[in-house]
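**Student:** whatever this is, show me its structure:
(2 chains)
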Amino acid sequence: MKLNQVLNGYRVVTRPTNADAGKCLWAFAEKGGGEFFLKEFLDPKIPKADSMGTVEDKKRRFAECERFAKRHTDIMAALRADDVHAGNLVLAVDFFAEGTRYYKVTPRVRPADIAARDLDTRGQLVLLKTLVDSLVLLHARGIVHGDLKPENILLAPARKGPLLVAKLIDFDDAYQAGAPPAAEVIGGNPLYGAPEWLRYLRGDRGAQARSLTQAADVFAIGLLIHTYLFGVLPGYGESHESPAAAVLAGAPLAWDPVLGGRIRSLLESLTAADPRARPVIADVAAALDESDVLSREAVSPTPLPAPAPSTPPPGGGAKTSRVLVNTTKTAPRTSSTRLRINLTGKN
Amino acid sequence: MSQNQNRSGDNNLKYAVDIVLCVDTTASMGPTLENVKQSAMSFPNRLAQEMAAKGRGISSLRLKVIGFRDYADCAEDAMVVSPFLRVPDELDSFETTVNALHADGGGDEPESALEALALAIGSDWETGLDRRRHVIVMFTDASAHRLGDPRHTRASTYPQSIPGSLEELYAQWGSGQSRSALVENSAKRLLMFAPESYPWTDIADDWNNTIYFPSEAGEGLEEWEMDQIIATIANSL
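**Tutor:** Prediction:
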């Protein structure tokens, strides 16, 4: 696509670029007075009658195109804008082919010029809750976002009031839980990727597609919460290039020392090495609903000593401020098979 | 070694990046070529910085340079091809190779850009490590001769490995399911800074994983364009 080109009624109004997008070109576009984000995919391309390639090759390409289109339209069908939790998902409003190329359109979001760490506690909590609520919907549909990272979460003004909400974008790397794309093409980000994603991508012995579930997103959420609160990822040591690599090696993630016992315990459970040991996203939402979860006490200058790395902390006796963590080896997760984790830092 | 560890004994991802720069060195490229050379020189450092910022350290970075002119004009200096040069170990050789490029000859367009592209596609790409990116970048201000023209192929310097048609070259580039491809589908990218003329628009329309930035004759390699190259590599691994 080119500047000023009109595609399916969308006029390209910025110079197309592939900045922050490895598998597409993108630009902003306008149609009917609305502003949009327009994405042109690099692969696959639709063969035409006079396209290069043999008849057999064109058949294969057509089949590949059909699979590609189905994957995108399936995700669009599964995530509907009228769903109660969909308000902060930036969902595709159009997916079309023109010429030999596929395009996807989402509403343009104009992000606020502020970092999450600079918000007050209430602002941070709203941000985290809106992000987690979006994931509750995705995960309930069996969908793994697959590429959670700050670049895919836009901080935008809420419809009403002065607060910012988290707008979740880019579902191009999303997949059904347990059925990810092949290792050589799976999306994701090394800094926010989960240990099981890392093993799958590397082709480690025993790494299986079915281990890539919603828990991979949950790992990223643990890291994102830290990033939002402190502006940086937790430390993962000089010998590791990512939190996932550190966790796989059994090295502790270095949480900010200000992080208090409750929220620290939550983040430790979210970033457990074993995906089956992590809370489900609904439990994270419940934890964030607890009163004062980000209070000065929870994010305090007197943190509790860190428990052993990459293992869920032992269950405690607190009565209310808890997140539920699955200790079973198999899905589905139910309350009866969960260990209660103390988030209060008190016994 | 635990099952969690890869062969090198740690858990870090190993990225391999191979880049082939195909540079038109005909006389009309004069003003542009100096910009291309300057950008190419700064390229390894900028890429390393960008990758580090994204948490993606490159374990293997190799650069290759193909300078092309026109077999129809002067077959003796129509093509200069370097081997893959490993960075940083062979950075000096890379810089020497780039510095040696100079704009001269070529006569009128078209030029022998498709031969350069064919040599690039047939490179000995890295096949190991955890994830690979194979990038070909084409800089030209001209259209290209059609492949298989006997006026060119009979030149003594004409490489025998070059396919006889654009169709055959397409087969070597391949698509997602093709069996004849010489480049790994998920790894490959072709960036073209080229005018809207044969064969660039056809390739952009038909070949997957191509990014086409139409250029005007005499236009230099802008800072923006180098950003696109780096973004293509850094974001897609």
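**Student:** residues of the stretch 101-250 of chain A that sit close to chain B?
**Tutor:** If contact is defined as C-beta under 8 Å from any C-beta of the partner chain, the residues of the stretch 101-250 of chain A in contact with chain B are A:184-185, A:189-191, A:195, A:198-199, A:201-206, A:239-242, A:244-246, A:248-249. Backbone N, C-alpha and C define where each C-beta goes, glycine included.
**Student:** restrict those residues to the buried ones and give me that as a ChimeraX selection.
**Tutor:** Selection of the buried residues among these in ChimeraX, burial being defined by 16 or more other C-beta atoms under 10 Å in any protein chain shown:
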select /A:185,189,190,191,195,198,199,201,202,204,240,241,242,244,245,246,248,249
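**Student:** contacting residues around the residue positioned nearest the centre of chain B?
**Tutor:** Residue closest to the mean C-alpha point of chain B, counted by C-alpha atoms, centre = their mean, is B:Ile136 at 2.6 Å. B:Ile136 makes contact with B:19-20, B:22, B:117, B:120-121, B:188-191, according to C-beta atoms under 8 Å, 6 or more residues apart in numbering or on different chains.
**Student:** roughly how far apart are B:Ser178 and A:Pro47?
**Tutor:** Noted for B:Ser178: a distance of 12 Å to A:Pro47, by C-beta to C-beta, to the nearest Å.
**Student:** which residues do those two both contact?
**Tutor:** Common neighbours of B:Ser178 and A:Pro47 (C-beta under 8 Å, 6+ apart) are A:53, A:57.
**Student:** what's the closest of the contacts of B:Ile136 to chain A?
**Tutor:** Within these, distances to chain A taken as C-beta to the nearest C-beta reach their minimum at B:Arg189, with 7.7 Å.
**Student:** ok so, going back, you'd agree the residue nearest to the centre of chain B is in a strand?
**Tutor:** Yes - remark: B:Ile136 belongs to a strand, assigned using DSSP: H, G, I helix; E, B strand; the rest coil.
**Student:** hang on, the earlier thing: and the contacts of B:Ile136 near chain A, which?
**Tutor:** Counting by C-beta under 8 Å from any C-beta, the members of the contacts of B:Ile136 that reach chain A are B:Arg189.
**Student:** quick check: the residue nearest to A:Asp170 when sequence neighbours are not counted vs chain B, distance?
**Tutor:** Here the nearest residue to A:Asp170 in space, its sequence neighbours aside, is A:Asn152; by C-beta to C-beta, 6 or more residues apart in numbering or on different chains that works out to 4.7 Å. Going from A:Asn152 to chain B by C-beta to the nearest C-beta, to the nearest Å gives 12 Å.
**Student:** for burial, what's the neighbour tally of A:Asn152?
**Tutor:** By the measure other C-beta atoms under 10 Å in any protein chain shown, the count of residues near A:Asn152 is 23.
**Student:** hmm, it is touching A:Phe171, no?
**Tutor:** No - counting by C-beta atoms under 8 Å, no contact exists between A:Asn152 and A:Phe171, whose distance comes to 9.2 Å.
**Student:** please identify every residue contacting each of the two.
**Tutor:** Both A:Asn152 and A:Phe171 are in contact with A:His145, where contact means C-beta under 8 Å, 6+ apart.
**Student:** if we can go back for a sec, and the residue nearest to A:Asp170, what pLDDT?
**Tutor:** Note on A:Asn152: pLDDT of 94.
**Student:** what's the burial count for residue 169?
**Tutor:** No chain was given, so I picked chain A. Using other C-beta under 10 Å, A:Ile169 has 20 other residues around it.
**Student:** try again with chain B
**Tutor:** Using other C-beta under 10 Å, B:Leu169 is surrounded by 23 other residues.
**Student:** show me where the stretch 151-300 of chain A has helices.
**Tutor:** Taking DSSP state H, counting those that start in this stretch to define them, one finds helices in the stretch 151-300 of chain A at A:195-202, A:214-230, A:243-248, A:261-270, A:281-289.
**Student:** make JSON lines from the ones you listed and add mean pLDDT to it.
**Tutor:** Below are the helices of the stretch 151-300 of chain A laid out as JSON lines (pLDDT from 0 to 100):
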{"stretch": "helix A:195-202", "mean pLDDT": "95"}
{"stretch": "helix A:214-230", "mean pLDDT": "97"}
{"stretch": "helix A:243-248", "mean pLDDT": "95"}
{"stretch": "helix A:261-270", "mean pLDDT": "92"}
{"stretch": "helix A:281-289", "mean pLDDT": "94"}
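**Student:** who wins for proximity to B:Ile211 among those?
**Tutor:** Using C-beta to C-beta as the criterion, the shortest distance between B:Ile211 and the helices of the stretch 151-300 of chain A is 23.7 Å, found for helix A:195-202.
**Student:** who's in contact with the closest one?
**Tutor:** The set of residues external to helix A:195-202 that reach it, using C-beta under 8 Å, 6+ apart, is A:180, A:183, A:186, A:188, A:190, A:193, A:206-209, A:211-212, A:215-216, A:219, A:242, A:244-245, A:247-248, A:273, A:275, B:4, B:6, B:11, B:13, B:130-131.
**Student:** list the contacts of the closest residue to A:Gln214 other than its chain neighbours.
**Tutor:** Spatial nearest neighbour of A:Gln214, excluding adjacent residues (C-beta to C-beta, 6+ apart): A:His139 at 4.2 Å. Residues in contact with A:His139, defined by C-beta under 8 Å, 6+ apart, are A:177, A:214, A:217, A:280-282.
**Student:** for A:His139, pull up the helix or strand it's in.
**Tutor:** Assessed by DSSP states H and E, A:His139 sits inside helix A:121-140.
**Student:** and that helix, what's buried?
**Tutor:** A:123-139.
**Student:** quick check: mean pLDDT of that helix?
**Tutor:** When pLDDT is averaged over helix A:121-140, the result is 94.
**Student:** would you mind writing the CA trace of that helix as CSV?
**Tutor:** C-alpha atoms of helix A:121-140 as CSV (Å, rounded to 0.1, in the frame of the first residue of the first chain):
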residue,chain,number,x,y,z
THR,A,121,-2.1,4.0,42.6
ARG,A,122,-5.8,4.3,41.6
GLY,A,123,-4.8,5.0,38.0
GLN,A,124,-2.5,2.0,37.9
LEU,A,125,-5.1,-0.3,39.4
VAL,A,126,-7.7,0.8,36.8
LEU,A,127,-5.1,0.1,34.1
LEU,A,128,-4.3,-3.3,35.4
LYS,A,129,-7.9,-4.3,36.0
THR,A,130,-9.0,-3.2,32.5
LEU,A,131,-6.1,-5.2,31.0
VAL,A,132,-6.9,-8.3,33.1
ASP,A,133,-10.6,-8.1,32.3
SER,A,134,-9.8,-8.1,28.6
LEU,A,135,-7.8,-11.2,29.1
VAL,A,136,-10.6,-12.8,31.1
LEU,A,137,-12.7,-12.6,28.0
LEU,A,138,-10.0,-13.9,25.7
HIS,A,139,-9.1,-16.8,28.0
ALA,A,140,-12.8,-17.8,28.5
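**Student:** between that helix and helix A:281-289, how many degrees?
**Tutor:** Computed by axes from the mean of the first three to the mean of the last three C-alpha atoms, to 10 degrees, the angle separating helix A:121-140 from helix A:281-289 equals 160 degrees.
**Student:** what about helix A:121-140, distance to the chain center?
**Tutor:** 11 Å (C-alpha atoms, centre = their mean, to the nearest Å).
**Student:** and that helix with helix A:214-230, angle?
**Tutor:** Between helix A:121-140 and helix A:214-230, the angle formed by their directions is 170 degrees, by the same axes, to 10 degrees.
**Student:** list the neighbouring strands of the helix or strand following helix A:121-140 plus their orientation.
**Tutor:** Later in the chain than helix A:121-140, the nearest helix or strand by DSSP H and E is strand A:143-144. Sheet partners assigned to strand A:143-144 using DSSP bridges are listed as strand A:175-176 (antiparallel).
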